[in-house]
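J.: Based on what follows, work out the 3D shape:
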Amino acid sequence: MRYPDAGKLLLRVAFGGMMIPHGVSKLDRLENGFSAIKFADPIGLGQEASLILTILVEIGCSAMIILGVNTRWFLIPLMITMFIAAFVVHGADPFSKKEKALLYLAGYLAIFLLGSGRYSLKDK
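T.: Alright, predicted model coming up:
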């Protein structure tokens, strides 16, 4: 017997849940004073704005993914963030530096293609 909706729930909770600590660690860095932080500014918004947007995406969008609220819409900023992390921020780095962002990107893309499943609060 197959359980595709349980698999979709597992993907959402795993990838969303594992991303939240990344955002929380950045939030802790921001609360300790931005002046001591070096953060990438890959799209020219400024380091502080880039950090704040990344925190919002990694925490806020991940929480919505876990709950299954408009999952595909909330995946888009996460996929963009992971694409930028892999190919812009770590573009010149070896594969080992890009690997984590690429794994998240692949997981988010899989969830995007599969949808959130029956065990979600609100999705189409």
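
J.: For this protein, which segments count as strands?
T.: Using DSSP state E, no strands are found in the chain.

J.: show me where it has helices.
T.: Under the criterion DSSP state H, helices of the chain are mapped to 4-31, 47-56, 62-67, 71-84, 95-114.

J.: Centre-most residue in this structure?
T.: The chain has L78 as the residue nearest its centroid, 3.8 Å off, counting by CA atoms, centre = their mean.

J.: Mind listing what's buried along the helix or strand of the chain with the lowest mean pLDDT?
T.: Among the helical and strand segments of the chain, the one scoring lowest on mean pLDDT, DSSP states H and E is helix 47-56, with a mean of 89. The neighbour-count criterion (16 or more other CB atoms under 10 Å) identifies 50-52, 54-55 as the buried residues of helix 47-56. (C-beta placed from N, C-alpha, C; glycine too.)

J.: Near the nearest residue to R72 once chain neighbours are set aside, how many other residues are there?
T.: With sequence-adjacent residues excluded and distances taken as CB to CB, 6 or more residues apart in numbering, R72 is closest to F112, at 5.6 Å. The local packing count at F112 equals 16, with neighbours defined by other CB atoms under 10 Å.

J.: My read is that F112 contacts M79, right?
T.: Yes - in this structure F112 lies within contact range of M79 using CB atoms under 8 Å: 7.0 Å.

J.: thought L27 was touching I59?
T.: Yes - applying CB under 8 Å as the test, L27 and I59 come out as touching, 7.0 Å apart.

J.: Residue ranges in the protein under the pLDDT threshold?
T.: Within the chain, the ranges that satisfy pLDDT under 70 run 1, 33-37, 123-124.
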